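Asks: Starting from these lines, generate the structure:
(one chain, ligands or ions: 2)
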Amino acid sequence: VYAVEAVDLYKSYGDTWALNGLTMRIGPGEIYGLLGPNGAGKTTTLKILAGLLKPSRGYARIYGVEVSSRRVEALRLVGYVPENPVVFQNLTVEEFLRFVAALRGLDWREVSGDAEYYLEVFGLAGRKDSFMGELSRGMVQKVLVSAAFLVRPKVLLMDEPTAGMDPESQHVFKEEVRRLSSKGVTSLISSHQLDSVERLCTRVGIIYKGRLIAEGTVEELKSRV
Ligand code: ADP
Ligand code: ADP
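Replies: Ligands and ions are numbered 1, 2, ... in the order given. Here you go, the predicted structure:
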């Protein structure tokens, strides 16, 4: 069974077709990079996989379970890094992490140790009481990534997770994704820059105008151009 499966996805926003028959299958433990220019459909794909948007056609499955608003089983397996978390401006970092844990039915006492660990390695140990709205883009990304790791997911869906992050934190992020991968955790990482993920991803897919136009290892794709 695939960890992540998107089959023949179409999505329109009014007259705009953001997805035009996107099919993508990712196995357990893979670190998959979804690469493409702005507007290609990356965020739409991740939102559908995270159960936040309904496709106009096609389906998305997480470990064989179709993702849809009423099927929470699939979403329990997922850690999600959204693109633009404007709604959390008025929560402190700790409140945000507690909120994410609570949403997932996790007892804070069970995960607070992990929360402290991630804030520490990302250099945010002194920022627990800062408001999300006061943080730089990179700091917000580190909190979002920490939250996604915190829920002990089988599948990580991450939309431009390292945007604005300092190089050292990008390194911490990659090491953690690799460690989780070795334990069977699957990562789907979107990016508009190949460099930011090329040494991390076991496989990449190139998305353009709502379809996958190429797929393979970074070496395979580079040898074709
Ligand atoms: P990417 O993440 O690759 O930049 P998106 O999935 O955000 O791509 O967008 C794909 C296309 O859908 C773009 O043309 C974008 O302008 C359009 N789009 C995305 N969200 C909306 C929306 N809420 N309303 C209308 N058009 C949208
Ligand atoms: P989109 O999803 O539409 O491509 P992004 O969320 O990637 O938009 O970009 C939002 C802002 O973050 C932009 O100002 C962009 O310059 C910045 N940004 C995105 N990715 C990175 C990155 N890897 N490093 C630094 N800044 C980034």
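Asks: Distance of residue 77 relative to residue 65?
Replies: 8 Å (Cβ to Cβ, to the nearest Å). In short, each C-beta sits where N, CA and C put it, glycine included.
Asks: my bad, should have said residue 111
Replies: Distance check for residue 111 against residue 65: by Cβ to Cβ, it reads 23 Å.
Asks: So what's the residue count around residue 11?
Replies: 22 (other Cβ atoms under 10 Å).
Asks: More neighbours: residue 111 and residue 65, which one.
Replies: Legend: neighbour count by other Cβ under 10 Å for residue 111 and residue 65, higher for residue 111 (20 against 17).
Asks: The more buried one sits in which helix or strand?
Replies: Assigned by DSSP states H and E, residue 111 belongs to helix 108-121.
Asks: Equivalent analysis for residue 34, please.
Replies: Here residue 34 is assigned to strand 31-35, by DSSP H and E.
Asks: who does the worst-scoring helix or strand of the chain on mean pLDDT touch, helix- and strand-wise?
Replies: In the chain, the helix or strand scored least confidently by mean pLDDT, DSSP states H and E is helix 72-76, which has a mean of 77. With contacts taken as 3 or more Cβ pairs under 8 Å, 6 or more residues apart in numbering; DSSP states H and E, helix 72-76 sits against strand 57-62, strand 65-66.
Asks: In it, which residues are buried?
Replies: Of all the residues in helix 72-76, those buried under the rule 16 or more other Cβ atoms under 10 Å are 74, 75.
Asks: anything in whatever helix or strand comes next after that helix sitting right up against ligand 2?
Replies: Using DSSP H and E, the next helix or strand after helix 72-76 towards the C-terminus is strand 78-81. No: using Cβ under 6 Å from any ligand atom, strand 78-81 stays clear of ligand 2, coming no nearer than 11.0 Å.
Asks: And the following helix or strand past strand 78-81, what does it pack against?
Replies: Using DSSP H and E, the next helix or strand after strand 78-81 towards the C-terminus is helix 93-103. Judged by 3+ Cβ pairs under 8 Å, 6+ apart, helix 93-103 is in contact with helix 108-121, helix 137-150.
Asks: can you put those in CSV and add mean pLDDT and distance to ligand 1?
Replies: What follows is these, written out as CSV (pLDDT from 0 to 100; distance: least, Cβ to the nearest ligand atom, whole Å):
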stretch, mean pLDDT, distance to ligand 1
helix 108-121, 96, 25
helix 137-150, 96, 15
